[in-house]
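>>> Here is a sequence together with a model predicted from it:
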Amino acid sequence: MPLDPAARPASAAPSRARDLADRTAGLDRLLHPDPRPGAHQVVVLALDGVYPFELGIPHRVLGSADGRYEVRSASVDGRPVRTDSDLTVTPGHGPEVLAEADTVVIPPYAISRASATTPDPQALAALSRVRPGTRLVSICTGAFLLAAAGLLDGRRATTHWALTDHFRELFPRVELDAGVLFVDHGDVLTSAGAASGVDVCLHLVRQDHGSEVANRVARCCVVPPYRDGGQAQYIERPLPPADGTGTGPTRDWALRRLELPLSLDELAAHAAMSTRTFARRFREETGLSPGRWLTQQRLRRARHLLESSDLPVERVAHEVGFATATSLRRHLAAEAGVAPSAYRRTFRAPDAPATS
């Protein structure tokens, strides 16, 4: 006979409530772990007109690295900061915490302020508090402040592609590369717009703590674990022409033959184009050269096999078109900073079938 709910012990409801509270607290610690003793100190400088999305990226990404970073926000005067949307944020600190930072992140802020011919003196004064040797990171228009402070002179840097001409006009001493996601000089990193802030923060985790930690952070944040800093910011013509004269059919054809040593001549012949025309149209449609695109597709297929099968690395390399396992290891290390065996341990699906 079912137990009458009214007859249940009085302690049952409080017990379930405690269990739920414990589980909730565990999930909160997983997503928002407390900083470890001696954690790397990160300060995010919120400037007037800051973009809310990018302002939160360092907290979300670096703050998901199991307490390895302590992330704090600061304003130039300790006061609330207007964003570029219809809200105002109140950073927890004033500019004094910049002197304690190991890494300072400058998220994007209003283009009219970032690109003004006369830099914001308060922003420059705040930046001057940063200790020598502190790592500096900019996202999007944050690069304008670093450039105004002379920190990018003679260096390669990037910002949002739409701001290229104005940036070059203001800062001719900076070697601007507006076609990449981010540029890393070790002590100074600049990144492009919006989601590239996620890429550069994951890159910091990977550089500081290795690929396995970065991969766990990426999974926690539900984002791809790696996008090459040299990847194009945008694609000028993302879809092939409607008349069918693009390279799409040839890309489909190549994807079905990745195990073969496909050459540029073969690809161009399939598309009925000269190699020069094919290479030009291919880059217009994908943002990549045919060779780079093939390598990316082979690595994508290799990652899938590493995750879903027990195939030896040598067999995986053969199945996706790399001449040797050494070639696969080299390309995967260059893309993801990790060996095939380490990648498999990190991402191996628990129910993946064994393959002989």
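Happy to help now that I have it.

>>> For residue 137, grab the count of nearby residues.
26 (other C-beta atoms under 10 Å). Quick note: C-beta positions are derived from backbone N, CA and C, even for glycine.

>>> So it: helix, strand or coil?
strand (DSSP: H, G, I helix; E, B strand; the rest coil).

>>> Verify the stated contact: it with residue 107.
No: contact criterion C-beta atoms under 8 Å: residue 137 and residue 107 do not qualify, at 9.3 Å.

>>> pLDDT weak spots in the stretch 201-350 of the chain?
226-245, 336, 347-350 (pLDDT under 70).

>>> quick one: the helices in it?
211-221, 248-255, 264-270, 275-286, 290-308, 313-320, 325-336, 340-347 (DSSP state H, counting those that start in this stretch).

>>> how about the ones you listed, which one is nearest residue 120?
helix 211-221 (31.0 Å; C-beta to C-beta).

>>> middle-most residue in the chain, spatially?
residue 199 (1.1 Å; C-alpha atoms, centre = their mean).

>>> Wait, a helix at it?
Yes: residue state for residue 199 (three-state DSSP) corresponds to a helix.

>>> That one and residue 139, how far apart?
10 Å (C-beta to C-beta, to the nearest Å).

>>> Could you tell me which residues touch both of the two?
Common neighbours of residue 199 and residue 139 (criterion: C-beta atoms under 8 Å, 6 or more residues apart in numbering): residue 191.

>>> got the residue ranges for the strands in the stretch 101-250 of the chain?
103-106, 135-139, 156-157, 175-176, 182-184, 188-191 (DSSP state E, counting those that start in this stretch).

>>> Which elements pack onto the last one?
By that I understand strand 188-191. Packing partners of strand 188-191 (3 or more C-beta pairs under 8 Å, 6 or more residues apart in numbering; DSSP states H and E): strand 135-139, helix 142-148, strand 182-184, helix 196-209.

>>> Including distance to residue 121, could the ones you listed go into TSV?
Converted to TSV, these look like this (distance: least, C-beta to C-beta, whole Å):
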stretch	distance to residue 121
strand 135-139	19
helix 142-148	10
strand 182-184	27
helix 196-209	26
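
>>> quick one: the closest residue to residue 181 other than its chain neighbours from residue 140, how far?
Among residues not flanking residue 181 along the chain, residue 196 sits closest, at 4.5 Å (C-beta to C-beta, 6 or more residues apart in numbering). From residue 196 across to residue 140, the span is 8 Å (C-beta to C-beta).

>>> Equivalent analysis for residue 34, please.
30 Å.

>>> The nearest residue to residue 62 once chain neighbours are set aside - how many residues pack around it?
Computed as C-beta to C-beta, 6+ apart, the closest residue to residue 62 that is not its neighbour in sequence is residue 69, at 4.2 Å. Under the neighbour criterion other C-beta under 10 Å, residue 69 is assigned a count of 26.
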